[in-house]
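Student: Sequence plus predicted model, see below.
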Amino acid sequence: MLNLQEHAHRRWNPLTGDWVVVSPHRTRRPWLGHVERSSPSSAVVYDPECYLCPGNARAGGARNPNYPATFVFDNDFAALDLRVPQETCDLHGRGLLRAEGERGLCRVVCFSPRHDLTLPTMTPDQIRAVVDVWIEQHEELAAGDEIGYVQIFENRGAMMGASNPHPHGQIWATAHVPNEPARETHSLAGYLQLHSQCLLCEYLGLEEQARERIVFESQHFIALVPFWAVWPFEVLLLARRHFASIQDLEKDERSALAAALKEITSTYNGLFAADFPYSMGFHGAPADGQPHPEGHWHAHFYPPLLRSATGRKFLVGFEMLGSPQRDITPENAAARLREVAARP
Ligand code: H2U
Ligand code: ZN
């Protein structure tokens, strides 16, 4: 009989339709990597060289105000703008070389004026202010006629491409729905049509029964290592209530989200006693003005670390050319995170 803690197998991601190969027996193989110390987090409250600190100059001549809490600005090196022609083209007319103009906006969100803070070291109230800014930004950007999706995210740590330790995230608002939320929306809509149920509400219920992959729970949120996780310590943060957009978060849910973000990032930092890099972001319904009964708002955390503060997982070789693969099972990863989360 197939034993998911022992035999090689593949697991299906119902949100994307992808498969991930799991090889639990390989965790017993000898490992030749070694544990190094990671660079300590920034100790200075203000860095005169930082382009995100209050009062400092940014590239392109703008200067940041002396902001007391959060600060949002248009990215000086925006990948997208609103002026491109909304045209499609099909080079040679064979349907193979297709392209279309992509309009959009890119913003940077400073979470705090303090250069040395991070989500795990900010207070829940300070993070709540960031949640409020994300909601305001989503409201403003999603209301734009030309915007079809608003992607809020944070890259943390040089390993994940963050350019600066100053606590900040980004928002990209695009005319088209990007690949990942488009696939999720398609799967969620298909499931609703077939089962008259929300895929993620059902999944949440199954995880509550199984209790194998939960990292922590609160009144409004549940954080778990999904059954189909690709990254070793990937976390899916699910809202308990069924709603489609970050704009639907009620007051107590906003505070609960702030608390959950602090909990997840603190747990990550506790795992290898070091600053834990990750990309995190929110998925909700497209901003197309349509009702999205299938949408169930959630956050994904994709951290690259595997064995230590410097030992990362690479998605190369078979993973680039075939399917993603993992050794440590999601159940095992959840147990390790749960242990850290439970520490006083
Ligand atoms: P990341 O650390 O996630 O790369 O985000 C920082 C963003 O800040 C990055 O997208 C922008 C970069 O384009 N930036 C400015 O808008 N102005 C600057 O003066 C430097 C960096
Ligand atoms: Zn700074």
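Tutor: Received the coordinates, thanks. Ligands and ions are numbered 1, 2, ... in the order given.

Student: most centrally placed residue in this protein?
Tutor: M280 (2.2 Å; C-alpha atoms, centre = their mean).

Student: Correct me if wrong: H115 contacts V44.
Tutor: Yes. Between H115 and V44 there is a contact under C-beta atoms under 8 Å: 5.8 Å. Heads up, the C-betas are built off the backbone N, CA and C, glycines and all.

Student: And those two? Which one has more around it.
Tutor: When H115 is set against V44 and neighbours are counted by other C-beta atoms under 10 Å, the residue ahead is H115, at 23 against 13.

Student: quick one: pLDDT of the more buried one?
Tutor: With respect to pLDDT, H115 scores 97.

Student: Start the count at 797 instead of 1 going forward.
Tutor: Understood, numbering begins at 797; the last thing we discussed is H911.

Student: in the stretch 997-1140 of the chain, which spans are strands?
Tutor: 1010-1013, 1017-1020, 1031-1035, 1074-1079, 1094-1098, 1121-1122 (DSSP state E, counting those that start in this stretch).

Student: N799 is nearest to which of these?
Tutor: Checking these against N799 by C-beta to C-beta gives strand 1121-1122 as the closest, at 16.2 Å.

Student: Go ahead and name everything in contact with that closest one.
Tutor: Outside strand 1121-1122, the residues that touch it by C-beta atoms under 8 Å, 6 or more residues apart in numbering are V816, V817, V818, S819, A1025, V1026, W1027, P1028, K1109, F1114, E1115.

Student: Widest-spaced pair of those?
Tutor: A1025 and F1114 (17.1 Å).

Student: Same drill for the two, tell me which one is more crowded.
Tutor: A1025 (26 against 11).

Student: got the contact list for that one?
Tutor: V816, L1032, R1122, P1126, A1129.

Student: mind redoing it with 6 Å?
Tutor: Each residue near A1025 by C-beta atoms under 6 Å, 6 or more residues apart in numbering is listed here: P1126.

Student: Need phi/psi at it.
Tutor: Main-chain torsions, A1025, degrees, to the nearest 10: phi -60, psi 140.

Student: Give me the buried positions along stretch 945-961.
Tutor: For stretch 945-961, burial by neighbour count (16 or more other C-beta atoms under 10 Å) applies to 945-953, 955-956, 958, 960-961.

Student: Spell out which parts of the protein neighbour ligand 2.
Tutor: Contact residues, the chain versus ligand 2 (C-beta under 5 Å from the ion): D843, C846, L848, C849, H911, H962.

Student: Using the three-state scheme, assign the last one.
Tutor: Per DSSP: H, G, I helix; E, B strand; the rest coil, the local secondary structure of H962 is coil.

Student: Distance check, G940 against A839.
Tutor: Distance from G940 to A839, counting by C-beta to C-beta, to the nearest Å: 40 Å.

Student: the more surrounded of these two?
Tutor: The neighbour count for G940 versus A839, taken as other C-beta under 10 Å, is higher for G940 (16 against 8).

Student: Quickly find the element holding the residue nearest to the more buried one when sequence neighbours are not counted.
Tutor: Distance criterion C-beta to C-beta, 6 or more residues apart in numbering; nearest residue to G940, sequence neighbours excluded, is A969 at 7.1 Å. For A969, the host element (DSSP states H and E) is strand 964-970.
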